[in-house]
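Engineer: quick one, structure for this:
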Amino acid sequence: MSCHLPLPYPDELLYSVIARYLVHIGAKGAYAAAGHLFGRATKAQVDISGSLGAVSERTWPTWHMTGEEIINRLTLFPYYSRYMPRKRVATYLKMLLSDNSQGIHARTGVNGSRVKAPRFLRFCRICRETDLERYGETYWYRSHQLVGVLVCPEHGEPLIDTNAPMRPRRYIDYADATLSTSNAMIADNRVLDENIRIKALQITKRCQEMLLGPIELWPAENISQGYRQAVIERGFAEGPSVVSQKNVENAFDSFYGKSFLALLGCEIQKGTGNSWINTIFQKHHSLFHPVEHALVQIFLESVPVRQSDNFIGFGPWKCPNPYAKHEETFPITKAKSLARRKEQFVASLTCSCGFKFTCSQTSDNDPHLPIVKKHLQFGPTWVAEAKRLREAGLSTYSIGIKMGIAYSTVLHLLNKKSSHHAPSTQQIKQWREEWIKLLDSVPNKSRAIARERCWKLYNRLRLHDRKWLFATPGNTTHKPHPKGQVNWASRDEEWSRRLRDASRRIIEEIPLARVTRNAMVTRAGICSSIFSYINRLPACRLALNESYESPKNFRQRSQCSVETSGSTLCRYRHHREDKCHSPGSRICDK
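Structural biologist: Alright, predicted model coming up:
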């Protein structure tokens with residue numbers, strides 16, 4: 001059954017369309033109309049709502065929009081999902097299209113974010129006047145309800161709060177924008193400083209860009225690596241691939257100001273090491289609010305690049321391997337690591353063909369073609385080319401010149417460990433005989449002593465005849481521990497006695513102290529590791545449990561007087577009665 005909702009206005013919420021529809025038909029309540037639209041009884045949702053597959057079916061005759069188009073054009077889901085993993089976004093889209101959308105606000109991070117969310121729906125006074133002249137009514141703008149947006153993106157005016165709640169509690173809470181904003185008593189309840197308004201307008205426009213589509217400069221895939229590269233590119237690094245947290249925090253705080261960050265709820269906890277501004281540059285699996293992404297992006301864009309001519313960019317890149325053929329134009333999608341060495345950025349790139357290398361700049365003719373600085377791993381294509389040239393009759397030296405690599409690297413590609421020839425069988429046999437004679441000449445045929453006497457012979461056999469070397473009989477120089485194994489029974493008996501003596505000494509002390517397990521162990525002169533193997537010491541465990549004094553028992557004992565040398569102690573047991581000067585002290589009368 002179709003539902004003839006009015007056509008949405010530009011940048012309008014689905015919630016606003018339903019509210020206008022209810023006013024147009026003169027509905028007394030929204031329960032039945034909303035149930036007819038969504039196919040079930042559902043609570044009013046301003047930002048993200050479910051059962052949008054059913055909404056698409058019922059509005060298709062007039063809107064001709066699929067469920068995904070409704071999500072992208074009439075809800076705030078694109079704003080929150082812009083920098084989510086793509087698999088997670090696909091899962092949430094299925095939830096919104098179906099009737100199983102419960103908990104979507106918690107999963108997308110809407111409810112649990114540190115960013116301050118508005119309590120009421122907001123509007124721009126200039127936008128409202130323009131809508132009344134053009135349409136005869138006004139509506140709720142999506143860009144005005146974004147969390148973190150303080151001003152109108154078109155006019156830069158501070159947004160005005162209404163009485164309509166951002167989180168409706170009832171099924172029928174659909175507030176029409178024209179009626180909710182018609183109160184003449186509504187005043188501009190937000191006064192912003194000029195500097196704050198300029199920053200707020202920048203954040204608002206960036207948030208609006210996130211709502212409408214992806215940002216070319218900051219792709220969603222591997223966004224943390226993009227931020228990290230940009231930070232290092234702008235000089236906020238100390239050592240290889242290490243972001244200077246202190247420098248970033250100070251620069252970020254001075255750029256926005258503490259008052260503006262506090263207004264958004266994005267304050268920086270300096271010195272803690274776990275502030276969100278530092279965490280967002282790391283490889284993480286947690287979600288960050290779109291406002292936090294907007295703050296970081298605008299901050300990084302405001303800082304000039306130091307070494308732009310030596311920076312390789314954000315990718316993707318072509319593969320510089322001359323011996324590999326790729327179906328895709330840009331097989332290298334991201335840099336594994338990035339470091340700054342001697343005022344130059346060095347990145348580690350790995351291609352699907354197995355070629356791994358470092359580079360610090362790209363070609364002048366092609367900015368997507370990195371220039372190889374150092375070979376890290378060649379891959380099977382280089383091995384195949386070296387073997388082909390070897391079969392063609394080229395020498396090892398000629399192969400190295402033709403491929404532009406070292407002589408030792410050619411040997412490695414040809415599966416030769418070194419340039420030296422392997423020893424002959426007769427030579428290995430001679431080494432074995434010398435080693436056997438050497439073992440017979442040392443005490444107890446100790447292999448360690450023989451190695452010290454002739455380490456060259458030992459290294460030759462270890463390199464070329466390792467199995468035989470360690471298969472031959474040879475005593476080790478292992479010496480048993482002089483103390484032998486621990487006698488746990490004797491230790492248990494001695495330590496338990498010492499623990500009980502320590503307990504008695506603590507009770508007799510002045511001033512009064514509570515008998516705890518740690519105090520007994522310390523007073524007995526026993527290592528605190530006794531608790532690690534207490535299961536082997538049953539007597540010690542019994543002594544600790546019996547002598548332990550609970551706080552309640554300690555308070556009762558502290559209230560009793562103890563006579564020592566004919567004198568009575570005061571209540572706090574700090575002084576004797578005849579020397580007590582504590583005001584208000586009392587003597588136990590028991």
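
Engineer: what about the helices in the stretch 151-300 of the chain?
Structural biologist: Using DSSP state H, counting those that start in this stretch, the helices of the stretch 151-300 of the chain run over residues 177-180, 194-212, 223-233, 245-256, 258-264, 276-279, 290-302.

Engineer: figure out which of those is closest to residue 511.
Structural biologist: With C-beta to C-beta as the criterion, residue 511 lies closest to helix 245-256 of the helices of the stretch 151-300 of the chain, at 46.2 Å. Any C-beta I mention is one placed from the backbone N, CA and C, and that applies to glycine too.

Engineer: got the CA coordinates for that closest one in PDB?
Structural biologist: Backbone C-alpha positions of helix 245-256 (Å, rounded to 0.1, in the frame of the first residue of the first chain) are rendered in PDB as follows:
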ATOM      1  CA  GLN A 245      52.700  13.800  20.600                       C
ATOM      2  CA  LYS A 246      53.700  17.000  22.500                       C
ATOM      3  CA  ASN A 247      54.200  19.000  19.400                       C
ATOM      4  CA  VAL A 248      50.900  17.900  17.800                       C
ATOM      5  CA  GLU A 249      49.000  18.700  21.000                       C
ATOM      6  CA  ASN A 250      50.500  22.100  21.400                       C
ATOM      7  CA  ALA A 251      50.000  23.100  17.800                       C
ATOM      8  CA  PHE A 252      46.400  21.700  17.700                       C
ATOM      9  CA  ASP A 253      45.500  23.400  20.900                       C
ATOM     10  CA  SER A 254      46.900  26.800  19.800                       C
ATOM     11  CA  PHE A 255      45.200  26.600  16.400                       C
ATOM     12  CA  TYR A 256      41.700  26.100  17.700                       C
END
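
Engineer: same for the helix or strand where residue 556 lies, what does it pack against?
Structural biologist: Element membership for residue 556 (DSSP states H and E) is helix 551-558. Helix 551-558 sits against no helix or strand, with contacts defined as 3 or more C-beta pairs under 8 Å, 6 or more residues apart in numbering; DSSP states H and E.

Engineer: enumerate the positions of that helix that are buried.
Structural biologist: Residues of helix 551-558 classed as buried by neighbour count (16 or more other C-beta atoms under 10 Å): residue 558.

Engineer: C-alpha coordinates for that helix, CSV please?
Structural biologist: Provided in CSV are the C-alpha atoms of helix 551-558 (Å, rounded to 0.1, in the frame of the first residue of the first chain):
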residue,chain,number,x,y,z
PRO,A,551,39.9,-4.0,59.9
LYS,A,552,36.9,-4.7,62.2
ASN,A,553,39.0,-6.7,64.7
PHE,A,554,41.7,-4.1,64.5
ARG,A,555,39.3,-1.3,65.5
GLN,A,556,38.0,-3.4,68.4
ARG,A,557,41.6,-4.0,69.6
SER,A,558,42.5,-0.4,69.3
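
Engineer: out of the helices of the stretch 151-300 of the chain, the one nearest residue 66 is which?
Structural biologist: Of all the helices of the stretch 151-300 of the chain, helix 194-212 sits nearest to residue 66, with 18.1 Å by C-beta to C-beta.

Engineer: between that closest one and helix 290-302, how big is the angle?
Structural biologist: For helix 194-212 against helix 290-302, the angle by axes from the mean of the first three to the mean of the last three C-alpha atoms, to 10 degrees is 110 degrees.

Engineer: before we move on, back to that, out of the helices of the stretch 151-300 of the chain, nearest to residue 329?
Structural biologist: For the helices of the stretch 151-300 of the chain, proximity to residue 329 was assessed by C-beta to C-beta; helix 223-233 is nearest, at 20.5 Å.

Engineer: list the buried residues for the closest one?
Structural biologist: Of all the residues in helix 223-233, those buried under the rule 16+ other C-beta under 10 Å are 223, 225, 226, 227, 228, 229, 230, 231, 232, 233.

Engineer: likewise stretch 368-386?
Structural biologist: Across stretch 368-386, burial judged by 16+ other C-beta under 10 Å covers 370, 378, 379, 381, 382, 383, 385, 386.

Engineer: quick one: contacts for residue 39?
Structural biologist: Residue 39 makes contact with 51, 54, 58, 99 under the criterion C-beta atoms under 8 Å, 6 or more residues apart in numbering.

Engineer: try it again with 10 Å
Structural biologist: Residues near residue 39 by C-beta atoms under 10 Å, 6 or more residues apart in numbering: 1, 51, 53, 54, 55, 57, 58, 99.

Engineer: so the fourth one touches residue 96, yeah?
Structural biologist: Which is residue 54. No - Residue 54 is beyond contact range of residue 96, at 11.2 Å (criterion: C-beta atoms under 10 Å).

Engineer: identify the contacts common to those two.
Structural biologist: Joint contacts of residue 54 and residue 96 (C-beta under 10 Å, 6+ apart) are residue 67.

Engineer: next, the distance between the ends of stretch 451-469.
Structural biologist: Its first and final residues considered, stretch 451-469 spans 11 Å by C-alpha to C-alpha, to the nearest Å.
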